[in-house]
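S.K.: Any chance you can model this:
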Amino acid sequence: MSDAKENTPNKSNAAEGQSKDGNARRRSRGGRNRNRNRSKKEGEAKDGADAQSKPADTSENGPKEEGNGGNRNNRGRNGNSRNKRREGKDVKASPVSEEVQSEYDLQNDLYNVDFSSSSTTAVYEETVLEKPVIGITCGDLNGIGMEVIITMLEDTRLTELCTPVVFASSKLASYHRNAIDKRDFQFRLCDTIEDIKEGANNLVLCWDDNVEITLGLPTDVSGAYALKSIDAAIDAAKNGKIQALLTAPINKHNIAASVEGFSGHTGYLAKEFSNEVLMILSSDKLKVATVTGHVPISKVADGITEASITKAIGLLAQSLERDFGIVKPRIAVLGLNPHAGEMGTIGSEEKDIIRPAIENAPHKNAIVKGPFPADGFFGQGFESKFDAVLGMYHDQVLVPFKSLAMGSGTNFTAGLEIVRASPDHGTAMHLAGKGKADATSMRNALYTAIDIYHARTGYDEMTKDPLKKQKEKS
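M.R.: Numbering: from 1, shown residues only. From the prediction side, this is the model:
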């Protein structure tokens, strides 16, 4: 006989096997509730069979009621609990205090930011635009400053917009031209600022020393001679020889080693010109400013006062109107603490300092709202609804700014009597001398300086005392 016949399963055995396997599967899948239900069904079947074979109980106690016997135990404690109706008690909230209600009303108003017809760009009377003289500092000698300056000025069309004047030395310029293989580029060398010429890339000689250049390494001399460039440009500005200042990146540490309290261009220029200033980072996408500048994070809270915030709002509003031509600018002010303090739960600066500063700031020509929680503000794209954002400290606004506009933004010093701009990046020592540095931000900073010079000139002319204007015309 064939093996096939021997391996053919017996129908009865197969059915029995399937039944056993099915019971095994049900037992393996079943939990506590499955076993209880199966027991209940088996009990019902058994009771049904007994009912057919046994007469009904007609004792004087009458028939037994279902649920009084073993079935109640089969259902268990949880089964009976589920059948009971649970009645919950009424819970009413306590009345919200006037203070909390007022806080929520303020928050609701905070996000009412429909400014569709508020701010506009000013249109000044048509005038003949004078070509400004732009002073350019060389930055740290061992960084990318001279490289991006040379790369930028290779575009000869820039001399149609301004007269560039670099403050450095011929030896420094030659060293960087050779390092990045730009030997064909030439500066027009000038002994003094009086020797500059319109239509040329001028370089005013600030020192003749043979300064050691170590590309990629900030040294004491690279910082000291970067400061010589800055001081020469400041002197030219004070004497009215340049109309705007473009500063290449410096290393703050190697200058601070010889200049006590030095923390960067902004503070140094403010001290030299005796002006109240504010650092603004500007791009086509976003403008941001900070109440505290280059200070350690541990000292930020000490710098957050009603006076400092009020001053920052005033400087920002004035600059947006005068330097950027924005009529009735819209300004958002951020909080200091996470979630803007969460109604005092995570800090009270928002309630005690920042909000009163916003309410009392002299910003009659601006719309100012805040304090906003910083994370949600940028996370929801609220920055697009405002002309500028004022943060409490450096990284709070510079991190989102550089995420959105790194390489295309400009650092501008508001409040300074001379227009000053710089690129939004640092010395980039790791790129120095390799010919890889991108000059886009430096070029945009130059354009910004030119535009702000013209906007400021137009604004000052438009808002000049009418009597003085009439005297000048006559």
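
S.K.: which regions of the stretch 351-474 of the chain sit below the pLDDT cut-off?
M.R.: 466-474 (pLDDT under 70).

S.K.: now do 90
M.R.: By pLDDT under 90, the weakly predicted segments of the stretch 351-474 of the chain are 360-365, 375-376, 379-382, 404-409, 424, 461-474.

S.K.: Please, where are all the helices along it?
M.R.: Counting by DSSP state H, counting those that start in this stretch, one finds helices in the stretch 351-474 of the chain at the ranges 355-360, 374-379, 394-405, 440-462, 466-473.

S.K.: Could you look over those and pick the most buried one?
M.R.: For these, the largest average neighbour count (mean count of other C-beta atoms under 10 Å) is found in helix 440-462, namely a mean of 20. Where C-beta positions appear, they are placed from N, C-alpha and C, glycine not excepted.

S.K.: when you compare where that one runs with where helix 394-405 runs, what's the angle?
M.R.: 110 degrees (axes from the mean of the first three to the mean of the last three C-alpha atoms, to 10 degrees).

S.K.: Who are the packing partners of helix 440-462?
M.R.: strand 133-137, helix 145-153, strand 244-247, helix 306-322, strand 410-414, strand 419-423 (3 or more C-beta pairs under 8 Å, 6 or more residues apart in numbering; DSSP states H and E).

S.K.: How about the contacts made by the closest residue to Gly415 other than its chain neighbours?
M.R.: Among residues not flanking Gly415 along the chain, Val277 sits closest, at 4.2 Å (C-beta to C-beta, 6 or more residues apart in numbering). Shown in contact with Val277 (C-beta atoms under 8 Å, 6 or more residues apart in numbering): 266, 269-270, 315, 413-416.

S.K.: Now do the closest residue to His394 other than its chain neighbours against Asp105, distance only.
M.R.: Distances taken as C-beta to C-beta, 6+ apart put Thr290 closest to His394, at 5.6 Å, once the chain neighbours are dropped. Distance of Thr290 to Asp105, given as C-beta to C-beta, to the nearest Å: 29 Å.

S.K.: quick one, which of the two is more surrounded?
M.R.: More neighbours surround Thr290 than the other of Thr290 and Asp105, with 25 against 10 (other C-beta atoms under 10 Å).

S.K.: need the contacts of Val277 in a markdown table with distance to Ala361 and neighbour count, can you?
M.R.: Below are the contacts of Val277 laid out as a markdown table (distance: C-beta to C-beta, whole Å; neighbours: other C-beta atoms under 10 Å):
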| residue | distance to Ala361 | neighbour count |
| --- | --- | --- |
| Thr266 | 21 | 23 |
| Leu269 | 24 | 22 |
| Ala270 | 20 | 18 |
| Leu315 | 10 | 20 |
| Thr413 | 20 | 24 |
| Ala414 | 15 | 25 |
| Gly415 | 15 | 21 |
| Leu416 | 20 | 20 |
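
S.K.: quick one: which of those is nearest to Ser384?
M.R.: Taking C-beta to C-beta as the measure, Ser384 sits nearest to Ala414 out of the contacts of Val277, at 21.4 Å.

S.K.: Give the full set of residues in contact with the closest one.
M.R.: For Ala414, the contacting residues are 277-280, 289, 315-316, 318-319, 323, by C-beta under 8 Å, 6+ apart.

S.K.: So which residue is dead centre in this protein?
M.R.: Pro400 (1.9 Å; C-alpha atoms, centre = their mean).

S.K.: Show me where this protein has its strands.
M.R.: 120-121, 133-137, 163-168, 188-190, 202-205, 244-247, 278-282, 287-290, 326-327, 330-334, 367-372, 388-391, 410-414, 419-423 (DSSP state E).

S.K.: Could I get the average pLDDT for the first one?
M.R.: Read that as strand 120-121. Averaging pLDDT along strand 120-121 yields 67.

S.K.: ok so, going back, any chance of the strands of the chain in a markdown table with distance to Glu349 as columns?
M.R.: Formatted as a markdown table, the strands of the chain follow (distance: least, C-beta to C-beta, whole Å):
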| stretch | distance to Glu349 |
| --- | --- |
| strand 120-121 | 34 |
| strand 133-137 | 37 |
| strand 163-168 | 42 |
| strand 188-190 | 51 |
| strand 202-205 | 47 |
| strand 244-247 | 33 |
| strand 278-282 | 20 |
| strand 287-290 | 15 |
| strand 326-327 | 28 |
| strand 330-334 | 11 |
| strand 367-372 | 9 |
| strand 388-391 | 13 |
| strand 410-414 | 24 |
| strand 419-423 | 30 |
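
S.K.: Quick check: the gap between the closest residue to Pro400 other than its chain neighbours and Val148.
M.R.: In this structure, Pro400 finds its nearest non-sequential neighbour in Phe378, 4.6 Å apart by C-beta to C-beta, 6+ apart. Note on Phe378: its distance to Val148, by C-beta to C-beta, is 29 Å.

S.K.: Helices of the stretch 151-300 of the chain, residue ranges please.
M.R.: Using DSSP H, counting those that start in this stretch, helices in the stretch 151-300 of the chain cover 170-179, 220-238, 252-256, 265-273, 300-303.

S.K.: Packed most tightly, which of these would that be?
M.R.: Burial of these is given as mean neighbour count (mean count of other C-beta under 10 Å); helix 220-238 ranks first at a mean of 20.

S.K.: Tell me the helices and strands packed up against that helix.
M.R.: Against helix 220-238 (3+ C-beta pairs under 8 Å, 6+ apart) you get strand 133-137, strand 163-168, strand 244-247, helix 252-256, helix 265-273.

S.K.: just checking, what packs against the fourth one?
M.R.: Right, helix 252-256. Looks like helix 252-256 contacts helix 220-238 (3+ C-beta pairs under 8 Å, 6+ apart).
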